[in-house]
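no sequence for this one, just the structure:
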């Protein structure tokens, strides 16, 4: 038998973004203590007054809960309720302070005043014409959004996404979603095919419909590219689509043909009749083929810079720097004056920076224009510090224009440079490499620098590895560790792990103690140890800042030692106080360390950029974040572009260096225990690396040297193009 209760929604503690399942705390009408409510409530916000229908139950772990079957939002009747309702951050221009002032002035008539006589708000201190107009627009928009939420709430769409949908489609949202709900998956960041498919099912779209098959195929391919694949074999793709769509193979094959005819997908199988058919998203086919075409173009061009005596130039540069180059370093420098395209690869301490500085010095001495770039802001900053030359992100080098929706630097407006050096090239994915190569001018020297043993790019492809394996580009491999680097256990152990050997966990006299291994089996004990290390032991012993200098890296997002849980634990330990925003189940606090997880060209912040939350403004519904000194503002509905970053995945750390790296290595992450992942994580630490976990997990990672296969065809294209 259903029971009805009413009350104020105090706070939301959990939201499943996929299905809208919500756990929240409610203060029932006439009571003081909160109760737990659970159920599909995607359109609720903290501060609302709700009428709920459902039943009480006893959860074996969490105790008494009210299971919500249906609900509706009603305007609260008391002054206190209205204050909480308006101060919840629902209405731009009204935060907790302003809500208090409004209710003090108008009492229980406040809502009526906003609805019918909004100009009277000027009677309240701090509200002028501009603020009244903002509140008026926000109030009208909120009413429209409520209609959208009522339409979407039965389909498991969270309130944050409902607001984003409304922002994208405006007042036509219901009509658009009814016509083709699968548009949500492609148009709205964060809404996947599965959510759109659930809506489509409820709207009566058949399981074997054409639009469902086409949307499902694009979804599956996009998921596969997120795993690093540039293409997928035809038959395997059909099999993957059948798993997701639960429909006949013939329907899927017909839909693939339609998508090919619409130029959304590309068949590619004519290079060899014995090869499997390859299916690409059209943009990735263009990018992979474009990389091959442009690399072949560049490798055939004549070298612009002519130096009569290279050996003399190298001796001059070495003396100016007060260094002596090793034989393989000299080879790399010489190659820069003989080759149009060059790869320099090596691990930490092998002298990559020394080579880059020598090449730059000689080129500039001969009047050449030099440009330096790296995939991320942190990598570019590190490159600038190491070379004393300006280095930019590749996006900034190519001058991305949000207005034009693309890069200004391209084939008809190439970079004006004689030497272009790209650092951390293993991070560069297929799409970005294509745009970079298009912009390289005739006769320029292009040098790729990177560590081939690190993880491949987060995006699709394995570009640096494919270029090296194609053998069409001169590659200089640096494998000699120099004396000053040999003194570091971080460098020594990174190379030992890369060779499949166990790291040294005991210290020799005279070596700095920059590497530690804590043998801990219990994951929860690892969590507690990490908290102590970050909050007290490392700052007290070594003087490092617990938030700015220490970075926790982990293999997975789930589990006790996954990024999600570690971020909760570390936030509470390192940043316990401050203004908060809980949106879609994600908590943010002023002072939090955060990471951008999607390229936002309008704001000029990119996937992997790290920042600190400066402020959370509930009145203007805005978060302000500092990225390397640059302040960026986010509307509340765009905060899904940010995640807490006290702990991040090893993949997300690529291209960055941190003074201190802490990394759990445990069998709880068995599926991702790989040598290149462990090696990449360790080499992010500059001054101190601490591993916590079991020797068994360490052994598994070191011995697992079989990285997951990525379907790419770049190596073959380069080889065939050379013939």
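Yes, it's here. Computed from a prediction, not measured in an experiment: that's the story for all the values here. Numbering: from 1, shown residues only.

tell me which helix or strand comes right after the helix or strand bottoming out on mean pLDDT in the chain.
Lowest by mean pLDDT, DSSP states H and E among the helices and strands of the chain is helix 483-486, with a mean of 57. Using DSSP states H and E, the helix or strand that follows helix 483-486 towards the C-terminus is helix 489-498.

which helices and strands sit right next to that next one?
Under the contact criterion of 3 or more Cβ pairs under 8 Å, 6 or more residues apart in numbering; DSSP states H and E, helix 489-498 touches strand 515-519, helix 675-682, strand 685-693. Quick note: C-beta positions are derived from backbone N, CA and C, even for glycine.

select, out of those, the one closest to residue 277.
Closest approach to residue 277 among those (Cβ to Cβ): helix 675-682, 30.0 Å.

list the contacts for residue 200?
The contact partners of residue 200, taken as Cβ atoms under 8 Å, 6 or more residues apart in numbering, are 181-182, 212.

same check, this time on residue 451
Counting by Cβ under 8 Å, 6+ apart, residue 451 touches 345-348, 426, 683.

quick check: phi and psi on residue 673?
phi -80, psi 100 (degrees, to the nearest 10).

what sits closest to it if chain neighbours are left out?
Leaving aside its sequence neighbours, residue 673 sits nearest to residue 701 (Cβ to Cβ, 6 or more residues apart in numbering; 4.1 Å).

since we're on that neighbour, how many residues are nearby?
Other residues near residue 701 number 26, with proximity taken as other Cβ atoms under 10 Å.

could you do residue 263 as well?
Count around residue 263 with other Cβ under 10 Å applied: 8.

so which helix or strand takes in it?
Short version, using DSSP H and E: residue 263 is in no helix or strand.

pLDDT score for it?
Predicted confidence (pLDDT) at residue 263: the value is 95.

who's in contact with the residue nearest to it when sequence neighbours are not counted?
For residue 263, ignoring the flanking residues on the chain, the nearest one in space by Cβ to Cβ, 6+ apart is residue 282 at 5.6 Å. If you count contacts by Cβ under 8 Å, 6+ apart, residue 282 has them with 263-266.

measure residue 282 to residue 570 for me?
Residue 282 is 42 Å from residue 570, where distance means Cβ to Cβ, to the nearest Å.

all helices of the stretch 601-723 of the chain, in order?
Residue ranges of the helices in the stretch 601-723 of the chain, as given by DSSP state H, counting those that start in this stretch, are 675-682, 695-703, 714-722.

just say which of those helices is most tucked in.
Greatest average neighbour count among the helices of the stretch 601-723 of the chain goes to helix 675-682 (a mean of 24), per mean count of other Cβ atoms under 10 Å.

need the strands for the stretch 201-350 of the chain, in chain order.
Under the criterion DSSP state E, counting those that start in this stretch, the stretch 201-350 of the chain contains strands at 231-233, 265-268, 278-281, 341-346.

Throw those strands into CSV and include mean neighbour count, thanks.
Listed next are those as CSV, based on neighbours: other Cβ atoms under 10 Å:
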stretch, mean neighbour count
strand 231-233, 22
strand 265-268, 19
strand 278-281, 24
strand 341-346, 24
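
between the ones you listed, which one is closest to residue 562.
Nearest of those (Cβ to Cβ): strand 231-233, 27.9 Å.

dead centre of the protein: give me the residue that sits there.
Residue closest to the mean C-alpha point of the chain, counted by Cα atoms, centre = their mean, is residue 597 at 2.8 Å.

looking at the contacts of residue 451, which is nearest residue 41?
When the contacts of residue 451 are compared against residue 41 (criterion: Cβ to Cβ), the nearest one is residue 426, at 44.3 Å.

which residues are in contact with the closest one?
Taking Cβ under 8 Å, 6+ apart, we find residue 426 in contact with 450-452, 454-457, 464-465, 654.

quick one: the residue nearest to it when sequence neighbours are not counted from residue 374, how far?
In this structure, residue 426 finds its nearest non-sequential neighbour in residue 450, 4.3 Å apart by Cβ to Cβ, 6+ apart. According to Cβ to Cβ, residue 450 stands 10 Å off from residue 374.

overlap in contacts, those two.
Common neighbours of residue 450 and residue 374, using Cβ under 8 Å, 6+ apart, are 423-424.

can you give me the strands in the stretch 551-700 of the chain?
For the stretch 551-700 of the chain, the strands defined by DSSP E, counting those that start in this stretch cover 580-583, 586-589, 593-596, 610-617, 622-627, 630-635, 642-644, 647-649, 658-665, 685-693.

distance between the first one and the chain's centre?
I take that to be strand 580-583. In terms of Cα atoms, centre = their mean, to the nearest Å, the centre of strand 580-583 is found 20 Å from the chain centre.

packing partners of that strand?
Strand 580-583 sits against strand 586-589, with contacts defined as 3+ Cβ pairs under 8 Å, 6+ apart.

tell me which residues of the strand it packs on come out buried.
Residues of strand 586-589 classed as buried: 586-589 (neighbour count, 16 or more other Cβ atoms under 10 Å).

just for the stretch 451-600 of the chain, where's the confidence low?
Within the stretch 451-600 of the chain, the segments meeting pLDDT under 70 span 483-486, 506-512, 584-585.

show me the contacts for the residue nearest to residue 426.
By Cβ under 8 Å, 6+ apart, the contact list for residue 450 reads 343-345, 423-427, 464.

do residue 292 as well
By Cβ under 8 Å, 6+ apart, the contact set of residue 292 is 714, 717-718, 721.

now the residues you listed in JSON lines, with pLDDT and distance to residue 637?
Putting the contacts of residue 292 into JSON lines (pLDDT from 0 to 100; distance: Cβ to Cβ, whole Å) gives the following:
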{"residue": "714", "pLDDT": "95", "distance to residue 637": "38"}
{"residue": "717", "pLDDT": "92", "distance to residue 637": "42"}
{"residue": "718", "pLDDT": "93", "distance to residue 637": "44"}
{"residue": "721", "pLDDT": "75", "distance to residue 637": "46"}
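
just give me the closest of those residues to residue 301.
Comparing these against residue 301 with Cβ to Cβ places residue 721 closest, at 14.7 Å.

so residue 534 makes contact with residue 551?
No - taking contacts as Cβ atoms under 8 Å, residue 534 lies outside contact range of residue 551: 9.7 Å.

how many neighbours does the nearest residue to the residue nearest to the centre of the chain once chain neighbours are set aside have?
Using Cβ to Cβ, 6+ apart and skipping residues adjacent in sequence, the residue nearest residue 597 is residue 643, 5.5 Å away. Other residues near residue 643 number 19, with proximity taken as other Cβ under 10 Å.

pLDDT value on residue 643, please?
pLDDT for residue 643: 92.

let me see the contact set for it.
Residue 643 sits next to 567, 586, 594-595, 597 when contact means Cβ under 8 Å, 6+ apart.

turn those residues into a markdown table, columns for distance to residue 706.
Converted to a markdown table, the contacts of residue 643 look like this (distance: Cβ to Cβ, whole Å):
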| residue | distance to residue 706 |
| --- | --- |
| 567 | 30 |
| 586 | 35 |
| 594 | 34 |
| 595 | 29 |
| 597 | 28 |
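
which stretches of the stretch 351-500 of the chain form strands?
So, for the stretch 351-500 of the chain - with DSSP E, counting those that start in this stretch - the strands run 370-374, 391-393, 400-401, 406-407, 419-422, 445-450, 474-478.

sorry, back to before: distance to residue 445 added to the strands of the stretch 201-350 of the chain, as CSV?
Below are the strands of the stretch 201-350 of the chain laid out as CSV (distance: least, Cβ to Cβ, whole Å):
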stretch, distance to residue 445
strand 231-233, 31
strand 265-268, 31
strand 278-281, 31
strand 341-346, 7
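
closest to residue 306 out of those?
Closest approach to residue 306 among the strands of the stretch 201-350 of the chain (Cβ to Cβ): strand 341-346, 16.8 Å.

for the closest one, what is the average pLDDT?
What strand 341-346 shows for mean pLDDT is 94.
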